[in-house]
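> I'll drop the sequence and a predicted model, then ask my questions.
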Amino acid sequence: MPIRGPTDTRGAHEMSVTETEKTGARTETAATVITGARERIDALDDRIIGLIQERMAVSAVIQDARIASGGRRVNLAREMEVLGHYRDALGKPGTSIAMTMLELCRGRI
């Protein structure tokens, strides 16, 4: 519930934001659907973030092994494979996602 200031004369009922206002829905039924779907999206985002962090850790292992063996930090042929995989699965925006993923995992080149 929002905090009321000393000059705020509205009651608690007037201060609360309804689910329809919060979701932009026009009916309570739609607001319930939207709220549930947003909760699912939030849970999916948490899983995606965890998977990205896991991918970053695995990428660090690969880079360390490659560098320790005298190789380069980045394997551009492999990165092109990754870009193609994301593009094929998600279309053109997939390429942007893959570029961001690669940057997170190996840093800027």
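That came through fine.
> Need the nearest residue in space to Thr27, chain neighbours excluded.
Thr20 (6.9 Å; C-beta to C-beta, 6 or more residues apart in numbering). C-beta: built from backbone N, CA, C; applies to glycine.
> So Ala60: helix, strand or coil?
Classification of Ala60 using DSSP: H, G, I helix; E, B strand; the rest coil returns helix.
> coming back round to it: against Ala37, how distant is the residue nearest to Thr27?
Here Thr20 is placed at a distance of 15 Å from Ala37 (C-beta to C-beta, to the nearest Å).
> Secondary structure element holding the spatially most central residue of the chain?
For the chain, the residue sitting closest to the mean C-alpha position, by C-alpha atoms, centre = their mean, is Asp45 at 5.0 Å. Using DSSP states H and E, Asp45 sits within helix 28-68.
> Return the distance of that helix from the chain's centre.
Put simply, helix 28-68 sits 6 Å off its chain's centre (C-alpha atoms, centre = their mean, to the nearest Å).
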